[in-house]
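# I'll drop the sequence and a predicted model, then ask my questions.
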Amino acid sequence: MLVFRVGKTKYASDLTGEGARLYGGRWNNKMIGCIYTSENRALAVLEYTVNVNIDDIPRSLSITTLEIPDKKIKLLKERELPGDWRNSPSPSTIKDYGSKLLLAASELVIRIPSVIIPAEFNYLINPMHIECKKIKVIDVIDFVFDIRIKSA
């Protein structure tokens, strides 16, 4: 299966989850690595957009296409998530929930509904999983962020 992520070109092929480990994310606490991806390019752009200030968008962005093994995906349904999973900013209960899943390292990839469009999905890749080397970078293309997405 192919998944996508938008990020700084400098880190486009980085599969360590270091950015999420250093800064935390919706589904992980600081010091817990995670690679955030989406099921399509458009959702990856939307997810990136809601998580970045327009003044912080770098000029050098890329969309990375990753291949993940279909049989290594834990499918989480909305009813399995904590009740406050859609709250913004992300509550600690969500970070703790996701961190617990990642630390268990029993799943290479976790599919979760997008907060933006719950009928579409994001895929959390666990860089601590023993089989993380099965994740392959298929393509990295330059991406020019259209500021109309963030302008009022």
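On my side now, so go ahead.

# from Phe121, how far out is the closest residue to Lys77 other than its chain neighbours?
Of all residues not flanking Lys77 in the chain, Pro113 sits nearest, at 8.0 Å (C-beta to C-beta, 6 or more residues apart in numbering). (Each C-beta comes from the backbone N, C-alpha and C, glycine too.) Counting by C-beta to C-beta, to the nearest Å, the separation of Pro113 from Phe121 is 6 Å.

# with Ala104 instead?
Applying C-beta to C-beta to Ala104 and Phe121 gives a distance of 20 Å.

# neighbour count: these two, which is higher?
Phe121 (19 against 12; other C-beta atoms under 10 Å).

# and the longest helix for this protein?
The residue-count maximum for a helix in the chain (DSSP state H) belongs to helix 92-104.

# ok, the helix or strand following that one: who's next to it in the sheet?
Next helix or strand after helix 92-104 toward the C-terminus (DSSP states H and E): strand 109-113. Note on strand 109-113: by DSSP bridges, its sheet partners are strand 73-75 (parallel), strand 121-125 (antiparallel).

# need the strands for this structure, in chain order.
2-8, 35-38, 61-67, 73-75, 109-113, 121-125, 136-143 (DSSP state E).

# CSV for those, including distance to Ile54?
Output for the strands of the chain, formatted as CSV (distance: least, C-beta to C-beta, whole Å):
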stretch, distance to Ile54
strand 2-8, 14
strand 35-38, 20
strand 61-67, 13
strand 73-75, 33
strand 109-113, 26
strand 121-125, 22
strand 136-143, 15
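
# which one of the strands paired with strand 109-113 lies nearest to Asp139?
When those are compared by C-beta to C-beta, strand 121-125 sits nearest Asp139, at 16.3 Å.

# for the most centrally placed residue in the chain, give its distance to Val50.
With distances taken as C-alpha atoms, centre = their mean, Tyr36 lies nearest the centre of the chain, 1.4 Å away. To Val50, Tyr36 is 12 Å away according to C-beta to C-beta.
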